[in-house]
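K.L.:
attaching a predicted model along with its sequence, questions to come.
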Amino acid sequence: MKLRRKAKKGRVEGGSQLAASWPRPPATRYYILDLNSQIGNCIQLSDIRIGTWVHDIECHPGQGAKLARAAGTFAKIMKEPAPPTLSLRLVRLPSGVEKVIDSRCRATIGIVSNPNHGARKQRKAGQSRWLGRRPIVRGLAMNPVDDPHGGGEGRTKGGRPSVSPWGKPTKAGFRAGVGKGRNEFMP
(Lines give C-alpha, C1' and ligand atoms only; values in the text may rest on other atoms or scores of the structure.)
Protein backbone atom coordinates (compact mmCIF):
# COMPACT_ATOMS: atom_id res chain seq x y z
CA MET A 1 0.00 0.00 0.00
CA LYS A 2 1.58 3.25 -1.10
CA LEU A 3 0.99 6.10 1.34
CA ARG A 4 0.89 9.68 0.07
CA ARG A 5 0.70 12.89 2.07
CA LYS A 6 -2.16 15.30 1.44
CA ALA A 7 -1.31 18.89 0.61
CA LYS A 8 -1.13 21.21 3.65
CA LYS A 9 -2.59 18.61 6.03
CA GLY A 10 0.22 16.26 7.07
CA ARG A 11 -2.22 13.34 7.09
CA VAL A 12 -1.71 10.08 5.27
CA GLU A 13 -4.28 8.80 2.79
CA GLY A 14 -5.62 5.34 3.46
CA GLY A 15 -5.73 5.71 7.25
CA SER A 16 -3.05 5.15 9.84
CA GLN A 17 -0.88 2.06 10.11
CA LEU A 18 1.13 0.74 13.05
CA ALA A 19 4.86 0.37 12.47
CA ALA A 20 5.99 -3.27 12.28
CA SER A 21 9.32 -4.60 13.47
CA TRP A 22 11.07 -7.93 13.90
CA PRO A 23 13.38 -9.20 16.66
CA ARG A 24 17.07 -8.69 16.06
CA PRO A 25 19.64 -11.52 16.17
CA PRO A 26 20.40 -13.66 18.19
CA ALA A 27 16.61 -14.20 18.24
CA THR A 28 15.09 -16.77 15.90
CA ARG A 29 15.94 -15.96 12.31
CA TYR A 30 13.07 -15.80 9.86
CA TYR A 31 13.73 -16.61 6.22
CA ILE A 32 11.16 -15.20 3.81
CA LEU A 33 10.39 -17.43 0.84
CA ASP A 34 7.75 -15.40 -0.98
CA LEU A 35 7.28 -11.67 -1.53
CA ASN A 36 3.84 -11.61 0.13
CA SER A 37 5.40 -12.49 3.49
CA GLN A 38 7.46 -9.30 3.85
CA ILE A 39 7.38 -7.67 7.28
CA GLY A 40 4.74 -4.92 7.35
CA ASN A 41 2.57 -6.43 4.61
CA CYS A 42 -1.14 -6.63 5.40
CA ILE A 43 -2.59 -9.78 3.81
CA GLN A 44 -5.30 -12.37 4.44
CA LEU A 45 -4.73 -15.05 7.07
CA SER A 46 -5.17 -17.72 4.40
CA ASP A 47 -2.00 -16.44 2.65
CA ILE A 48 0.14 -16.39 5.81
CA ARG A 49 2.16 -19.46 6.75
CA ILE A 50 1.67 -21.32 10.02
CA GLY A 51 4.01 -20.15 12.78
CA THR A 52 4.29 -16.56 11.51
CA TRP A 53 4.10 -13.67 13.99
CA VAL A 54 1.41 -11.14 13.05
CA HIS A 55 -0.33 -8.09 14.52
CA ASP A 56 -3.30 -5.82 13.62
CA ILE A 57 -5.70 -8.74 13.13
CA GLU A 58 -9.31 -8.32 12.02
CA CYS A 59 -12.08 -10.21 13.85
CA HIS A 60 -14.43 -10.13 10.84
CA PRO A 61 -13.47 -9.55 7.18
CA GLY A 62 -13.36 -5.86 6.29
CA GLN A 63 -14.04 -4.69 9.85
CA GLY A 64 -10.60 -3.24 10.55
CA ALA A 65 -7.84 -4.31 12.91
CA LYS A 66 -8.95 -5.11 16.46
CA LEU A 67 -6.42 -7.60 17.93
CA ALA A 68 -2.70 -7.40 18.88
CA ARG A 69 -2.27 -3.64 18.45
CA ALA A 70 -0.37 -2.57 21.59
CA ALA A 71 3.34 -1.73 21.48
CA GLY A 72 5.58 -4.81 21.24
CA THR A 73 2.73 -7.32 20.94
CA PHE A 74 2.17 -10.03 18.36
CA ALA A 75 -0.01 -13.06 17.73
CA LYS A 76 1.04 -16.39 16.24
CA ILE A 77 -0.72 -18.31 13.48
CA MET A 78 -1.13 -21.78 14.99
CA LYS A 79 -2.93 -24.08 12.55
CA GLU A 80 -6.05 -24.65 10.50
CA PRO A 81 -8.88 -26.25 12.52
CA ALA A 82 -9.74 -29.91 11.89
CA PRO A 83 -12.35 -29.75 9.07
CA PRO A 84 -10.42 -28.36 6.08
CA THR A 85 -13.65 -27.31 4.35
CA LEU A 86 -14.09 -24.40 6.78
CA SER A 87 -11.99 -21.33 5.98
CA LEU A 88 -10.79 -20.72 9.55
CA ARG A 89 -7.43 -20.18 11.23
CA LEU A 90 -6.38 -20.73 14.83
CA VAL A 91 -4.46 -17.73 16.22
CA ARG A 92 -2.74 -17.47 19.62
CA LEU A 93 -3.24 -13.93 20.94
CA PRO A 94 -0.76 -12.07 23.22
CA SER A 95 -2.90 -13.01 26.24
CA GLY A 96 -2.34 -16.72 25.46
CA VAL A 97 -5.95 -17.26 24.36
CA GLU A 98 -6.29 -19.25 21.14
CA LYS A 99 -9.04 -17.84 18.93
CA VAL A 100 -10.53 -19.21 15.72
CA ILE A 101 -10.70 -16.45 13.09
CA ASP A 102 -12.04 -16.39 9.53
CA SER A 103 -9.13 -16.86 7.11
CA ARG A 104 -10.44 -14.01 4.93
CA CYS A 105 -9.56 -11.57 7.73
CA ARG A 106 -6.41 -9.54 7.22
CA ALA A 107 -3.35 -9.26 9.45
CA THR A 108 -0.01 -7.46 9.27
CA ILE A 109 3.17 -9.55 9.38
CA GLY A 110 5.66 -8.73 12.15
CA ILE A 111 5.62 -7.33 15.67
CA VAL A 112 4.28 -3.91 16.64
CA SER A 113 7.28 -1.62 17.10
CA ASN A 114 8.41 0.09 20.34
CA PRO A 115 8.46 -3.06 22.53
CA ASN A 116 9.98 -1.20 25.51
CA HIS A 117 7.04 1.18 25.80
CA GLY A 118 5.77 -0.35 29.05
CA ALA A 119 9.23 -0.42 30.63
CA ARG A 120 9.69 3.35 30.45
CA LYS A 121 10.15 4.83 33.93
CA GLN A 122 8.25 7.98 34.91
CA ARG A 123 10.60 10.70 36.19
CA LYS A 124 8.02 12.40 38.38
CA ALA A 125 4.45 11.95 39.53
CA GLY A 126 3.30 14.70 37.19
CA GLN A 127 4.12 12.58 34.14
CA SER A 128 1.49 10.06 35.22
CA ARG A 129 -0.97 12.91 35.65
CA TRP A 130 -0.25 14.10 32.10
CA LEU A 131 -1.30 10.64 30.92
CA GLY A 132 -4.57 10.85 32.87
CA ARG A 133 -3.60 8.45 35.67
CA ARG A 134 -4.84 9.66 39.05
CA PRO A 135 -3.15 8.79 42.36
CA ILE A 136 -4.41 5.76 44.31
CA VAL A 137 -5.19 6.79 47.90
CA ARG A 138 -5.86 4.26 50.68
CA GLY A 139 -9.25 4.54 52.33
CA LEU A 140 -7.59 4.43 55.74
CA ALA A 141 -5.75 7.67 54.94
CA MET A 142 -8.97 9.55 54.07
CA ASN A 143 -11.42 11.44 56.24
CA PRO A 144 -14.60 9.71 57.46
CA VAL A 145 -16.73 11.61 54.94
CA ASP A 146 -14.67 10.20 52.06
CA ASP A 147 -14.41 6.50 52.98
CA PRO A 148 -15.94 4.14 55.57
CA HIS A 149 -12.43 3.26 56.83
CA GLY A 150 -11.30 6.88 57.16
CA GLY A 151 -10.76 8.97 60.27
CA GLY A 152 -9.67 8.08 63.77
CA GLU A 153 -6.67 9.04 65.85
CA GLY A 154 -3.59 7.24 64.60
CA ARG A 155 -3.90 3.90 62.84
CA THR A 156 -7.24 2.53 63.91
CA LYS A 157 -8.82 -0.63 62.58
CA GLY A 158 -11.99 1.20 61.61
CA GLY A 159 -14.29 -0.83 63.82
CA ARG A 160 -15.99 -2.54 60.92
CA PRO A 161 -15.29 -5.27 58.35
CA SER A 162 -13.65 -4.51 55.03
CA VAL A 163 -16.00 -2.56 52.78
CA SER A 164 -15.79 -0.66 49.50
CA PRO A 165 -15.81 3.16 49.47
CA TRP A 166 -19.60 2.92 49.04
CA GLY A 167 -20.11 0.64 52.05
CA LYS A 168 -20.58 -2.68 50.24
CA PRO A 169 -18.79 -5.66 51.85
CA THR A 170 -15.67 -6.64 49.92
CA LYS A 171 -14.72 -9.94 51.55
CA ALA A 172 -18.20 -11.36 52.12
CA GLY A 173 -19.39 -14.80 50.99
CA PHE A 174 -17.48 -17.51 49.20
CA ARG A 175 -14.42 -16.20 47.42
CA ALA A 176 -13.79 -19.21 45.18
CA GLY A 177 -15.92 -21.70 43.32
CA VAL A 178 -16.54 -25.20 44.58
CA GLY A 179 -13.69 -27.45 43.43
CA LYS A 180 -15.78 -30.14 41.75
CA GLY A 181 -14.72 -31.73 38.49
CA ARG A 182 -11.58 -29.67 38.07
CA ASN A 183 -9.30 -32.65 37.50
CA GLU A 184 -11.53 -34.41 35.02
CA PHE A 185 -10.62 -34.45 31.36
CA MET A 186 -12.83 -32.13 29.32
CA PRO A 187 -13.23 -33.09 25.63
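P.N.:
Looks like it came in fine.
K.L.:
who's in contact with Ala65?
P.N.:
18, 56-58, 106-108 (Cβ atoms under 8 Å, 6 or more residues apart in numbering). Every residue, glycine included, has its C-beta placed from N, CA and C.
K.L.:
point out where the chain drops to low pLDDT.
P.N.:
Along the chain, the parts satisfying pLDDT under 70 run over 1-18, 21-36, 82, 84-85, 158, 172-187.
K.L.:
okay, domains of it per the record?
P.N.:
What the TED database lists as the domains of the chain is 41-109, 123-172.
K.L.:
for Asn116, find the nearest of the ones you listed.
P.N.:
domain 41-109 (7.2 Å; Cβ to Cβ).
K.L.:
distance between the ends of the closest one?
P.N.:
The straight-line separation of the ends of domain 41-109 (Cα to Cα, to the nearest Å) is 6 Å.
K.L.:
same check, this time on stretch 109-126
P.N.:
Stretch 109-126 has an end-to-end distance of 37 Å (Cα to Cα).
K.L.:
buried ones in it?
P.N.:
109-112 (16 or more other Cβ atoms under 10 Å).
K.L.:
taking the residues you listed, tell me the two that lie furthest apart.
P.N.:
It's Ile109 and Val112 that sit farthest apart of the buried residues of stretch 109-126, by Cβ to Cβ, at 11.5 Å.
K.L.:
name the residues contacting each of these two.
P.N.:
The contact lists of Ile109 and Val112 share Ala20, where a contact means Cβ under 8 Å, 6+ apart.
K.L.:
thinking again about what came up before, pick the most buried one from the domains of the chain.
P.N.:
Each of the domains of the chain was scored by mean neighbour count; the highest is domain 41-109, a mean of 16, by mean count of other Cβ atoms under 10 Å.
K.L.:
start to end distance for stretch 47-65?
P.N.:
17 Å.
K.L.:
equivalent analysis for stretch 144-156, please.
P.N.:
12 Å.
K.L.:
please compute how far it lies from its chain's middle.
P.N.:
On the basis of Cα atoms, centre = their mean, to the nearest Å, stretch 144-156 sits 38 Å off its chain's mean C-alpha point.
K.L.:
stretch 138-158 too?
P.N.:
The answer for stretch 138-158 is 36 Å, by Cα atoms, centre = their mean.
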